[in-house]
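Colleague: please find the sequence and the predicted model below.
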Protein chains: 2
Amino acid sequence: MPSPLEKARQDPNSMKARILASARKVFGEYGYNNTTTRMIAKDVGIDISTLYYHWGEKQDLYEAVLEDVGDAIQHKLNEIERNVSGQSLTTRLEIALDMMCDYLFSHPEVPNLILYGYFNKAPNGVTLDIKMTEHIANIAVAMELAPNKNQISVQARARILAVWNTVLNFISAENFFRPMLETDREHYIQVVKETLKFILVPAFTADK
Amino acid sequence: MPSPLEKARQDPNSMKARILASARKVFGEYGYNNTTTRMIAKDVGIDISTLYYHWGEKQDLYEAVLEDVGDAIQHKLNEIERNVSGQSLTTRLEIALDMMCDYLFSHPEVPNLILYGYFNKAPNGVTLDIKMTEHIANIAVAMELAPNKNQISVQARARILAVWNTVLNFISAENFFRPMLETDREHYIQVVKETLKFILVPAFTADK
DNA sequence: ACGTGTTTCCAACACTTGATGGAAGCATTT
DNA sequence: AAATGCTTCCATCAAGTGTTGGAAACACGT
């Protein structure tokens, strides 16, 4: 029995899938509490009842979006892992950073949704919670910072969290940070990558 | 002619001041959109009309809170600057970090409000925007990373932003991060400081 | 052409929210 | 005691929200 989310992915033109795509976009821009079901319906170009017919409660739709985003990240992490295998630690880190930044900068709703998940007292973030722990572990193993998923030191986890969050913040708060750095978008991306590499490399190569 | 905010500070027991304090607390916990004027009034223990009588629109009250918090940060930065003057760069950084962490961990509404300011599409964050640029410049000068406020390289600003944000995130998202690190509060603070120092020191001592 | 099951929309409901008008309470001066 | 000005509260409004019932439109096998 396929979940609603799986069903929506089977046909990207289905109403279910179109609603999910709009929901991801709008939730990603305004957050859960500042998004109304009417806004999403309008973005799809349908009546609000049609939305409820397909997805039920607002919260259910939101959770589907979070799951969708979580899967997308996992997918990207896997892709990165394939690309960096065999390289030296420093090279791995740099490639990983580059790829992740490019992905997130072109899908800004992803970091937005994750950060909204942290801070808002919004509906239970259980789903996201589990995923995050999972992602952190995956990053650690992919970067060979730990022998396996169950043996990651608190310090290593904290450093991954720190870097991961710095990435998310730079992207989500671009509209806020960019004026402060007085750069255009292209240069901003450059500076962000540079800054991250600067922080990242010592953080993970120092005591190895 | 004193501003409403100044007026409220003159007597901390005045109704204006009590409302401001509650507003800071509640806005800091739930963010602008998730806070109702009724919640604040209830926290003070007064009727909602009394709140409107003293502060007018919700947005005005919010802006007063942001200004209040901005001033508090500036005050803390000044205190830190006095404490670190004369020390070596590394010592300055470590002391600054320690003091700022202690302050923010015991006033979690401060990082919350700042981060809400970044991410929410809420009312114009102009006030906060100006303050932030100012704070970054002050940090740079206090840490002697730049000769004066008007000559801070983009790279230096980006690094300060990165570290500053990492601090805010670790504190605001404590409820989210701490389970992932499986530590108690005391140990969490320790790990955060340690991680920050680890990131901070190379970030500001490497190319000086 | 007809029936059946699915999909879409219109209209409405109950509730919350920001905001206000006006009456009552309180303090101070005359 | 009366008058005045400030403060507080009750009752209410208008707009917006999540959600639903039911009627129309549609697709499609018979």
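Modeller: Yep, it's here. Numbering: from 1, shown residues only, chains lettered A, B, ... in the order given.
Colleague: ok, the residue nearest to the spatial centre of chain A - contacts?
Modeller: Nearest to the mean C-alpha position of chain A, by C-alpha atoms, centre = their mean, lies A:Val110 at 4.0 Å. Listed by C-beta atoms under 8 Å, 6 or more residues apart in numbering or on different chains, the contact set of A:Val110 reads A:28, A:69, A:72-73, A:103-104. Placement of C-beta: from N, CA and C, glycine included.
Colleague: write the PyMOL selection for whichever of those are buried.
Modeller: Selection of buried members from the contacts of A:Val110 for PyMOL, criterion 16 or more other C-beta atoms under 10 Å in any protein chain shown:
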select buried, chain A and resi 28+69+73+103+104
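Colleague: nearest to DNA strand C among the contacts of A:Val110?
Modeller: A:Gly28 (22.6 Å; C-beta to the nearest atom of the strand).
Colleague: so which strand or helix has that closest one?
Modeller: helix A:15-30 (DSSP states H and E).
Colleague: quick one: the residue lying closest to A:Asn112 once chain neighbours are set aside and B:Lys131, what's the gap?
Modeller: Leaving aside its sequence neighbours, A:Asn112 sits nearest to A:Gly28 (C-beta to C-beta, 6 or more residues apart in numbering or on different chains; 4.6 Å). A:Gly28 sits 27 Å away from B:Lys131, going by C-beta to C-beta, to the nearest Å.
Colleague: and what of A:Met15?
Modeller: For A:Met15, the distance to B:Lys131 - C-beta to C-beta - is 46 Å.
Colleague: kindly report the same for A:Ala173.
Modeller: 15 Å.
Colleague: could you do A:Tyr32 as well?
Modeller: 27 Å.
Colleague: now A:Ser106
Modeller: With C-beta to C-beta as the criterion, A:Ser106 and B:Lys131 are 31 Å apart.
Colleague: ok, the two, which is more surrounded?
Modeller: Legend: neighbour count by other C-beta atoms under 10 Å in any protein chain shown for A:Ser106 and B:Lys131, higher for B:Lys131 (20 against 9).
Colleague: pull the distance from the one helix or strand that one maps to to the chain's centre.
Modeller: Assigned by DSSP H and E, B:Lys131 falls within helix B:126-142. Its chain's C-alpha centre and that of helix B:126-142 lie 11 Å apart, by C-alpha atoms, centre = their mean, to the nearest Å.
Colleague: kindly report the same for stretch A:144-162.
Modeller: The chain centre lies 19 Å from the centre of stretch A:144-162; the measure is C-alpha atoms, centre = their mean.
Colleague: with only the CA atoms kept, save that stretch in CSV.
Modeller: Provided in CSV are the C-alpha atoms of stretch A:144-162 (Å, rounded to 0.1, in the frame of the first residue of the first chain):
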residue,chain,number,x,y,z
GLU,A,144,34.8,9.1,7.0
LEU,A,145,34.8,11.0,10.2
ALA,A,146,33.6,7.9,12.0
PRO,A,147,33.9,4.2,11.4
ASN,A,148,30.2,3.6,11.5
LYS,A,149,26.9,5.3,12.2
ASN,A,150,26.9,4.3,15.8
GLN,A,151,30.3,5.5,16.8
ILE,A,152,30.3,9.2,16.3
SER,A,153,31.7,11.3,19.1
VAL,A,154,29.8,14.2,20.6
GLN,A,155,32.5,16.6,19.3
ALA,A,156,32.2,15.3,15.8
ARG,A,157,28.5,15.6,15.8
ALA,A,158,28.6,19.1,17.2
ARG,A,159,31.0,20.2,14.5
ILE,A,160,28.9,18.7,11.7
LEU,A,161,25.9,20.4,13.1
ALA,A,162,27.8,23.7,13.3
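Colleague: any bit of the top helix by length along chain A sitting next to DNA strand C?
Modeller: Taking DSSP state H as the criterion, chain A has its longest helix at helix A:58-84. No. Judged by C-beta under 7 Å from any atom of the strand, helix A:58-84 and DNA strand C are separated, with a smallest distance of 13.4 Å.
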